[in-house]
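Chemist: Next input, structure requested:
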Amino acid sequence: MSKDPTVPVGLVEDLRLSISRHPGTTLFSVISSTFGGAAHGTPEEWRRVVRAAAPPGAAATVRTLLAGSYPWAPDSLALTSAVGTGAPLSIAEERDRIAPDTLLGDVRDRFGENLPAAWRKVADRPGEFLTAYRTLARSVWDAFGPLWQRADALLGREVERIGVASVTGALDAVINDLGTPVRYAGGRLRLPHACPQHATGPGQRRFVLVPLASGFGACTYSAEDPGLIWIGYPLPGLGRLAHRSPELHPQAGKDRLALVLGPVRAALLRHARRRPSVSEAAQHAHITISTATYHCDRLARSGLLRRLRHGRETRLCLTDDGAALLDLLT
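Modeler: Next up is the predicted model:
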């Protein structure tokens, strides 16, 4: 680990900058804020809903890892490995692709053989830890996912804002006004903490901005990839969502999508944003797999849902018409 907290990314006119709407960074921020005590400014109403959804045992597995003022996790565990790739991975795909050997390799790259006590427990039983972590991530996303969906319009406006700043040469001002401790000057980013040795040397890195819908003080970043650095920051306008409703799920009687499709198909269509398997969708809707298959068939015939082959699994995903209906009635 270097003592240098700066990373070269290039002068404003040469910045290789992009913006990511990948939800994994937001999910990990919520987990860190709710169970690790990270000061991300997540509203208490949101954290209450997330805590209620999380299995107690699964939450305990990450609490010690994320404790402290500067919690660290490898990009794979933080569900952010696709941030710089542009790959359209769902949360389920990101979560399920974590391999024990990859996790252990990342941890040893960070700490060497002298692992902190909390990480030694992970290294002793990586498979058991990952099972608990996947369970926690699934439960948290089931609870928090509806708010991410409601943030879609804000995310679209933020993409436009960054694009305008890029064209007009105002990226330096935008970067320094993200609401984080990160600062940009002279072609380098200054981060709150020291960087990996490979990140501080010469060479321009790709730079990805990641708006987070997790809290008003959210800040997370990674310079682990030698060719990339990404910065997570609070999504502008997030207060509109926080003040509109303290709950993450539609109130009974006010769910317009359920009034049109019925509560079961509405739940299945909403859950399809996460590209679940049929069994995952059935579990989410609290119905049998055969019942879920029946309703998914009807949604597919209506042009709202389609099946996507992923390895040996078949995943459900929204069509353009399905996404438009969700946006209209949510």
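Chemist: drop to CA atoms for contacts and neighbour counts, all remaining ones
Modeler: Will do.
Chemist: ok, now how distant is the closest residue to Val264 other than its chain neighbours from Val278?
Modeler: Excluding the flanking residues, the one nearest Val264 by Cα to Cα, 6 or more residues apart in numbering is Ala285, at 6.6 Å. Distance, Ala285 to Val278, using Cα to Cα, to the nearest Å: 10 Å.
Chemist: which one of those two has more residues nearby?
Modeler: Applying other Cα atoms under 10 Å to Ala285 and Val278 shows that Val278 carries more neighbours, namely 23 against 18.
Chemist: coming back round to it: distance check, the residue nearest to Val264 against Pro146.
Modeler: 14 Å.
Chemist: shared neighbours of these two, anything?
Modeler: Counting by Cα atoms under 8 Å, 6 or more residues apart in numbering, Ala285 and Pro146 have no common neighbour.
Chemist: any idea of the pLDDT on the residue nearest to Val264?
Modeler: Ala285 carries a pLDDT value of 82.
Chemist: Could you do Thr288 as well?
Modeler: For Thr288, the predicted pLDDT is 82.
Chemist: show me the residues around it that make contact.
Modeler: Taking Cα under 8 Å, 6+ apart, we find Thr288 in contact with Ala282.
Chemist: change it to 10 Å
Modeler: With contact taken as Cα atoms under 10 Å, 6 or more residues apart in numbering, Thr288 is in contact with 278-279, 281-282.
Chemist: quick one: which of the residues you listed has the most company?
Modeler: Counting neighbours by other Cα under 10 Å, Ala281 comes out on top of those with 26 neighbours.
Chemist: so which strand or helix has that one?
Modeler: helix 278-285 (DSSP states H and E).
Chemist: Out of the contacts of Thr288, flag the one nearest to Leu316.
Modeler: Comparing the contacts of Thr288 against Leu316 with Cα to Cα places Val278 closest, at 7.0 Å.
Chemist: Hmm, Leu316 and Leu308 touching each other?
Modeler: Yes - with contact defined as Cα atoms under 10 Å, Leu308 counts as touching Leu316 (6.1 Å).
Chemist: which one of those two has more residues nearby?
Modeler: Leu316 (26 against 14).
Chemist: For the more buried one, which residues count as its bridge partners?
Modeler: Counting by DSSP bridges, Leu316 is bridged to Arg307.
Chemist: For it, list the residues it contacts.
Modeler: 268-269, 271-278, 280-281, 296, 300, 305-310.
Chemist: Now that we have these, which of them are buried?
Modeler: Among the contacts of Leu316, the ones that count as buried by 16 or more other Cα atoms under 10 Å are 268-269, 271-278, 280-281, 296, 300, 305-307.
Chemist: so Ile287 is in which element?
Modeler: Using DSSP H and E, Ile287 falls outside every helix and strand.
Chemist: average pLDDT for the helix or strand harbouring Leu103?
Modeler: In the assignment (DSSP H and E), Leu103 maps to helix 100-111. Taken as a whole, helix 100-111 has a mean pLDDT of 87.
Chemist: Would you mind splitting the chain into its domains for me?
Modeler: By the assignment in automatic domain parsing, the chain contains the domains 6-19+153-241, 24-147, 250-329.
Chemist: Which neighbours do Leu308 and Leu316 have in common?
Modeler: 275, 277.
Chemist: okay, the contacts of Thr288 in a markdown table with distance to Leu257 and pLDDT next?
Modeler: A markdown table is the format used below for the contacts of Thr288 (distance: Cα to Cα, whole Å; pLDDT from 0 to 100):
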| residue | distance to Leu257 | pLDDT |
| --- | --- | --- |
| Val278 | 20 | 89 |
| Ser279 | 22 | 88 |
| Ala281 | 17 | 88 |
| Ala282 | 18 | 87 |
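Chemist: Of these, which is the nearest to Ala185?
Modeler: For these, the nearest to Ala185 is Ala281 (47.3 Å; Cα to Cα).
Chemist: right, and the closest one touches Ser290 too?
Modeler: No - using Cα under 10 Å, Ala281 is not in contact with Ser290; the gap is 11.2 Å.
Chemist: Look up the residues that both of these two are in contact with.
Modeler: Common contacts of Ala281 and Ser290 (Cα under 10 Å, 6+ apart): Cys296.
Chemist: hmm, back to that, helices or strands next to the helix holding Leu103 in the packing?
Modeler: Packed against helix 100-111 by the contact rule (3 or more Cα pairs under 10 Å, 6 or more residues apart in numbering; DSSP states H and E) you find helix 117-124, helix 126-150.
Chemist: any idea of the mean pLDDT in the longest one?
Modeler: Pointing back at helix 126-150 there. The predicted model assigns helix 126-150 a mean pLDDT of 88.
Chemist: Am I right that Glu93 sits in a strand?
Modeler: No - per DSSP: H, G, I helix; E, B strand; the rest coil, Glu93 lies outside any strand segment and is helix.
Chemist: any idea how far Arg205 is from it?
Modeler: Distance from Glu93 to Arg205, by Cα to Cα: 26 Å.
Chemist: Which one of these two is surrounded by more residues?
Modeler: A direct count of neighbours by other Cα under 10 Å for Glu93 and Arg205 places Arg205 higher, at 21 against 16.
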